[in-house]
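Novice: Kindly generate the corresponding structure for this input.
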Amino acid sequence: MGSIRVYLKTAVFTVLVPGIVAVAIPQLLARHQSRPRLPISTGVVTTVGNLSLFSGVLLYVHTAFQFGSEGEGTPSPTDEPDELVTGGIYSYTRNPMYIGVLLVILGQALRRRSLSILWWAVGCWIGFHNRVIRFEEPHLVEKHGEAYERYRERVPRWLPRIYSKNQTERHP
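Specialist: You can find the predicted model right below:
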């Protein structure tokens, strides 16, 4: 279980970084954009948008809590967990926190049928992907060595596998 201090630092980081990226900027984009809108029906898109928004918030909160409870760290790059966090949702994808943030942005794009917010989500994903490849993965290899290499071989970077690696080896 993480300390109160770790969770307070996580809350501050969450408001300042994901809060701005996933909430404040999409709100500003929505406020200053009336057209063009995504050409999808309002009822369906609102439901899917709400589901995306809600699941993104839950995923982010869960993974931020997991950083504190398993690794005594925060999502901040300056206060990362000392231990490599590989359990729970991290056993399916190496970057669920980024996925949560993207789901929040995508949910807002859908709910508001906003092309601008959708483009913001695409730009964020490209930025997250570049950060993971250029900084985070090399840093984790340096910090955790073979343990991270084994984890990286076992767990995909973004989307969870629908099948196990053993199934593909038996059935090419």
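Novice: Go through this structure and flag its longest helix.
Specialist: If each helix of the chain is counted by residues according to DSSP state H, the longest one is helix 42-71.
Novice: buried ones in stretch 141-159?
Specialist: H144, Y148, Y151, V155 (16 or more other CB atoms under 10 Å). No exception for glycine: its C-beta is placed from N, CA and C like everyone else's.
Novice: Could you export these to JSON lines, including columns for pLDDT?
Specialist: Written out in JSON lines, the entries for the buried residues of stretch 141-159 read as follows (pLDDT from 0 to 100):
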{"residue": "H144", "pLDDT": "96"}
{"residue": "Y148", "pLDDT": "97"}
{"residue": "Y151", "pLDDT": "97"}
{"residue": "V155", "pLDDT": "97"}
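Novice: May I see the residues you listed arranged in a markdown table, with distance to V44 and secondary structure as well?
Specialist: As requested, these are arranged in a markdown table below (distance: CB to CB, whole Å; DSSP: H, G, I helix; E, B strand; the rest coil):
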| residue | distance to V44 | secondary structure |
| --- | --- | --- |
| H144 | 43 | helix |
| Y148 | 41 | helix |
| Y151 | 38 | helix |
| V155 | 33 | coil |
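Novice: Out of these, which comes closest to N95?
Specialist: Distances from those to N95 were compared by CB to CB; the smallest belongs to V155, at 9.7 Å.
Novice: For stretch 91-98, list every residue counted as buried.
Specialist: T93, R94, N95, P96, M97, Y98.
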